[in-house]
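Asks: Quick one, structure for this:
(2 chains)
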Number of protein chains: 2
Amino acid sequence: METEKIPDIVIGRLPRYLQALQRLQQEKKLTTNSKELGERLGISAAQIRKDLSQFGEFGKQGTGYSVPFLINKLQSILNVTSVWDIVLVGMGDLGHALARYQGFANHGFRVAMVFDNDPQIIGRQVGSFTIQDTTDLVEKVSQAGIRVAMLTVPASAAQEVAEKLVKAGVKAILSYAPITLNLPVDVHVDYIDPILKLQHMTYYLD
Amino acid sequence: METEKIPDIVIGRLPRYLQALQRLQQEKKLTTNSKELGERLGISAAQIRKDLSQFGEFGKQGTGYSVPFLINKLQSILNVTSVWDIVLVGMGDLGHALARYQGFANHGFRVAMVFDNDPQIIGRQVGSFTIQDTTDLVEKVSQAGIRVAMLTVPASAAQEVAEKLVKAGVKAILSYAPITLNLPVDVHVDYIDPILKLQHMTYYLD
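Replies: Numbering: from 1, shown residues only, chains lettered A, B, ... in the order given. This is a model prediction of the structure:
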């Protein structure tokens, strides 16, 4: 199976397909097809068939896709058949919300450690976690072999903390800080910023 | 100025340019150029010049861009010269975090009303807001003329709440619920879901 050259934009759609399939599974549906998936996702059936065909033959003409089979295939392609530990840095309101978020379960992730640099909150419990001191971040994270991080620190601290994470061996960072990080090319970085999304939409409002 | 046909992918990059410019302004820089912006954003200088040129001539060959001038232009293009009121629905951990988030100020938005359907928390204070009953959502939101919403309800409730928002006159919805909404085409919808972003990155991890 040649997956090297699949465009990143195709890869970016696969988690949405998986999400829709997992909802179908919750609804006890055993089979689906590109038309049904397309209607749920607002993506054309042809696009979905084309995207999935890059990874092999997953469905049969006329009968469509087996929901559990396609879920397994997508989980395997996306590397989420087992669970990735996540290190979460920055325990403000958003960090608290993410530490307590129940939605990571069954999607390939779990928060494993939480850090902050504020002496006022280091040592406190958040759910089942004790907030640890970022001074110990590199040692603790590298010992645990954690490779995925979420960053919920202020913009002014984000670059420095991200560099610590990279030093600890982290290879994928999801940052909620409103600043572009400058990191080695072998580290995958993505961003979540509601303001960017809201401003994109207001462009279209009269 | 013909802006009708500018690709949506270009529009989606403008908030990032604005974000970078506002950071330059915080750093007291008065001028910049496409090379500096590009390095900060990980976008090529040529791409930035091409994107901006679709809206007119903003810089001079050799001297670059005036930071405050370009900020004003981008705010005007993105429709964020004044402040949009936001209605926030779903006051769990994430709703609380967004209601208290200080980052909307100076970026064209402010949370104006918060709602939930849980009798246990309706009437409670969150920062300066009183949690209101979603039963009153359509009336209150349409009276206030609010057109932008953020949705932080569970997936199972998202479609129903989104339809209420549309009924109230909302035209742009940023949803944190892990489900694709099915809404009229004149309503702009975007999504924030950390799992989709994390799974996109783990594809590339060994």
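
Asks: residues near residue A:129, how many?
Replies: The number of residues packed near residue A:129 is 18, by other C-beta atoms under 10 Å in any protein chain shown. Backbone N, C-alpha and C define where each C-beta goes, glycine included.

Asks: Which residue is the nearest non-sequential neighbour of it?
Replies: residue A:114 (4.6 Å; C-beta to C-beta, 6 or more residues apart in numbering or on different chains).

Asks: Confirm that that neighbour sits in a strand.
Replies: Yes. Assigned with DSSP: H, G, I helix; E, B strand; the rest coil, residue A:114 falls within a strand.

Asks: Look at the nearest residue to residue A:133 once chain neighbours are set aside and give its secondary structure.
Replies: Among residues not flanking residue A:133 along the chain, residue A:122 sits closest, at 4.9 Å (C-beta to C-beta, 6+ apart). Of the three states, residue A:122 takes coil under three-state DSSP.

Asks: For chain B, see how far away residue A:122 is.
Replies: Applying C-beta to the nearest C-beta, to the nearest Å, the value for residue A:122 to chain B is 20 Å.

Asks: beta partners for the most centrally placed residue in chain A?
Replies: Nearest to the mean C-alpha position of chain A, by C-alpha atoms, centre = their mean, lies residue A:174 at 7.3 Å. Residue A:174 has these beta-bridge partners by DSSP bridges: residue A:150, residue A:190.

Asks: How about the contacts made by it?
Replies: Each residue near residue A:174 by C-beta atoms under 8 Å, 6 or more residues apart in numbering or on different chains is listed here: A:148-151, A:189-192, B:194, B:197-198, B:201.

Asks: Quick one: buried ones out of those?
Replies: A:148-151, A:189, A:191-192, B:194, B:197-198, B:201 (16 or more other C-beta atoms under 10 Å in any protein chain shown).

Asks: Relative to residue A:116, how far out is residue A:152?
Replies: 9 Å (C-beta to C-beta, to the nearest Å).

Asks: the more surrounded of these two?
Replies: It is residue A:152, of residue A:152 and residue A:116, that has more neighbours when counted by other C-beta under 10 Å, with 26 against 23.

Asks: Show residues contacting the longest helix seen in chain A.
Replies: Ordering each helix of chain A by length in residues (DSSP state H) puts helix A:8-26 first. Residues from elsewhere that reach helix A:8-26 (C-beta under 8 Å, 6+ apart): A:32, A:36-37, A:40-41, A:43, A:47-48, A:51-52, A:54, A:67-68, A:70-71, A:74-75, A:77-78, A:106-107, B:155, B:178-180, B:193, B:195-197, B:199-200, B:203.

Asks: Given the helix or strand of chain A with the lowest mean pLDDT, what are its sheet partners and their directions?
Replies: Here the helix or strand of chain A ranked lowest by mean pLDDT, DSSP states H and E is strand A:59-60, holding a mean of 72. Using DSSP bridges, the strands paired with strand A:59-60 are strand A:64-66 (antiparallel).

Asks: After the partner strand, which helix or strand is next? Please name it.
Replies: Per DSSP states H and E, the first helix or strand lying C-terminal to strand A:64-66 is helix A:67-77.

Asks: Next, the angle from that next one to helix A:8-26.
Replies: For helix A:67-77 against helix A:8-26, the angle by axes from the mean of the first three to the mean of the last three C-alpha atoms, to 10 degrees is 140 degrees.

Asks: hmm, back to that, helices and strands around the helix or strand just after the longest helix of chain A, which ones?
Replies: Using DSSP H and E, the helix or strand that directly follows helix A:8-26 along the chain is strand A:31-32. Helices and strands touching strand A:31-32, by 3 or more C-beta pairs under 8 Å, 6 or more residues apart in numbering or on different chains; DSSP states H and E, are strand A:64-66, helix A:67-77.

Asks: got JSON lines for these, with mean pLDDT, mean neighbour count and distance to residue A:22 too?
Replies: Shown next, in JSON lines, are the helices and strands packed on strand A:31-32 (pLDDT from 0 to 100; neighbours: other C-beta atoms under 10 Å in any protein chain shown; distance: least, C-beta to C-beta, whole Å):
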{"stretch": "strand A:64-66", "mean pLDDT": "91", "mean neighbour count": "20", "distance to residue A:22": "13"}
{"stretch": "helix A:67-77", "mean pLDDT": "96", "mean neighbour count": "17", "distance to residue A:22": "6"}
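
Asks: wait, doesn't residue A:166 sit right on residue A:181?
Replies: No. Using C-beta atoms under 8 Å, residue A:166 makes no contact with residue A:181, being 9.5 Å away.

Asks: domain assignment for chain A?
Replies: Annotated domains of chain A cover A:8-77, A:84-196 [automatic domain parsing].

Asks: What's the mean pLDDT across the last one?
Replies: Along domain A:84-196, the predicted confidence averages to a pLDDT of 96.

Asks: Just give me how far that domain sits from the chain centre.
Replies: Centroid separation for domain A:84-196 versus its chain: 13 Å, with C-alpha atoms, centre = their mean, to the nearest Å.

Asks: before we move on, what about the shortest one?
Replies: With C-alpha atoms, centre = their mean as the basis, the distance from the averaged C-alpha position of domain A:8-77 to the chain average is 18 Å.

Asks: Let's see the distance spanning it from one end to the other.
Replies: 13 Å (C-alpha to C-alpha, to the nearest Å).

Asks: Is the helix or strand hosting residue A:160 in proximity to chain B?
Replies: Assessed by DSSP H and E, residue A:160 sits inside helix A:155-167. Yes. Helix A:155-167 is in contact with chain B by C-beta under 8 Å from any C-beta of the partner chain, via residue A:155.

Asks: Show me what that helix is packed up against.
Replies: Here helix A:155-167 touches strand A:84-89, helix A:137-144, strand A:148-151, strand A:172-175, going by 3+ C-beta pairs under 8 Å, 6+ apart.
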